[in-house]
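A.B. asks: here's my sequence, what's the structure:
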Amino acid sequence: MRLSAPRIEPVDLDRLDADQRAALEPFLVSDGGKVGGGKILNIFRTLAHAPKALTAFLGWGNYILSKRNALSSRDRELVILRTGYNCRSGYEWTQHKRIGHDCGLTEEEIARIKTGPDAGGWSDLDRAMLRATDELSGDHFITDATWAALAPLGNKGRMDLVMTVGQYTQVSMILNSFGIQVEDGWDVDPDLRK
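C.D. replies: Residues are numbered from 1 along each chain as shown. Got it, this is the predicted structure:
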């Protein structure tokens, strides 16, 4: 985590204005008009300070995380985790490590993501996706050699890889700069504490 305290506090769910309530509606469970039920992650509670932006953000994010994205869920999480690691986003890494496990990444693979494409044990396509993520993170461009190595994804898959890295670079900038803290009880990887 880059910051030990939020720069922007998450909204108080008991004090939402109408626009905030509308933006958070997908997460809210109403009980006689009172907010309750499931937990709303700190990222969404923080972004609710800009409810129209949150609504647009959720629409695009839902595409990236959906089956409409040509990347398999495992491949998508491989790319998201590498992006979060490259951006030094403790929150992003912590959140997507859990999701990555659910999508088929092993604990060993998740540990190797930190080393990147040059770690042993990756398939050629995994290595190409990690290298593309690094190139996008560092130079905002995929080299011809890496683009060619991504051919098994097809054009739509390569496009979705670029858009996924772009989305999670933005998410990491939001998390890092706003100081969004991980949820209570979640442990941040020691490599990403600062």
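A.B. asks: next, the contact list for the residue nearest the centre of the chain, please.
C.D. replies: In the chain, the centroid-proximal residue (Cα atoms, centre = their mean) is Tyr168; its distance is 4.7 Å. Applying Cβ atoms under 8 Å, 6 or more residues apart in numbering, we find Tyr168 in contact with 64, 79-80, 83-84, 87, 92. Glycine gets a C-beta too; all of them are placed from N, C-alpha and C.
A.B. asks: closest one of these to Ala132?
C.D. replies: Val79 (7.9 Å; Cβ to Cβ).
A.B. asks: and the next helix or strand past the lowest-mean-pLDDT helix or strand in the chain?
C.D. replies: Lowest mean confidence among the helices and strands of the chain (mean pLDDT, DSSP states H and E): strand 34-36, at a mean of 40. Counting by DSSP states H and E, the next helix or strand C-terminal to strand 34-36 is helix 42-47.
A.B. asks: give me the three-state assignment for Gln181.
C.D. replies: coil (DSSP: H, G, I helix; E, B strand; the rest coil).
A.B. asks: now do the contacts for it.
C.D. replies: 1, 5-6, 42, 91.
A.B. asks: my guess is Ile43 meets Tyr91, correct?
C.D. replies: Yes - the criterion here is Cβ atoms under 8 Å, and Ile43 meets it with Tyr91 at 7.1 Å.
A.B. asks: any residues in contact with both of these two?
C.D. replies: With Cβ under 8 Å, 6+ apart, Ile43 and Tyr91 have common neighbours 175, 180.
A.B. asks: how about the residue nearest to the centre of the chain, phi and psi?
C.D. replies: phi -80, psi -20 (degrees, to the nearest 10).
A.B. asks: now do the strands in the protein.
C.D. replies: 29-31, 34-36 (DSSP state E).
A.B. asks: show me the shaky parts of the chain.
C.D. replies: Applying pLDDT under 70 to the chain picks out residues 29-38, 194.
A.B. asks: what about the helices in it?
C.D. replies: Residue ranges of the helices in the chain, as given by DSSP state H, are 18-24, 42-47, 51-64, 73-86, 90-102, 107-113, 124-139, 144-149, 154-178.
A.B. asks: of those, flag the one that's most buried.
C.D. replies: Ranked by average neighbour count under the criterion mean count of other Cβ atoms under 10 Å, the helices of the chain are headed by helix 73-86 at a mean of 24.
A.B. asks: relative to helix 124-139, how tilted is it?
C.D. replies: For helix 73-86 against helix 124-139, the angle by axes from the mean of the first three to the mean of the last three Cα atoms, to 10 degrees is 30 degrees.
A.B. asks: and helix 73-86, how far out from the chain's middle?
C.D. replies: 8 Å (Cα atoms, centre = their mean, to the nearest Å).
A.B. asks: how near is Gln95 to Glu183?
C.D. replies: As for Gln95, its distance to Glu183 is 9 Å (criterion: Cβ to Cβ, to the nearest Å).
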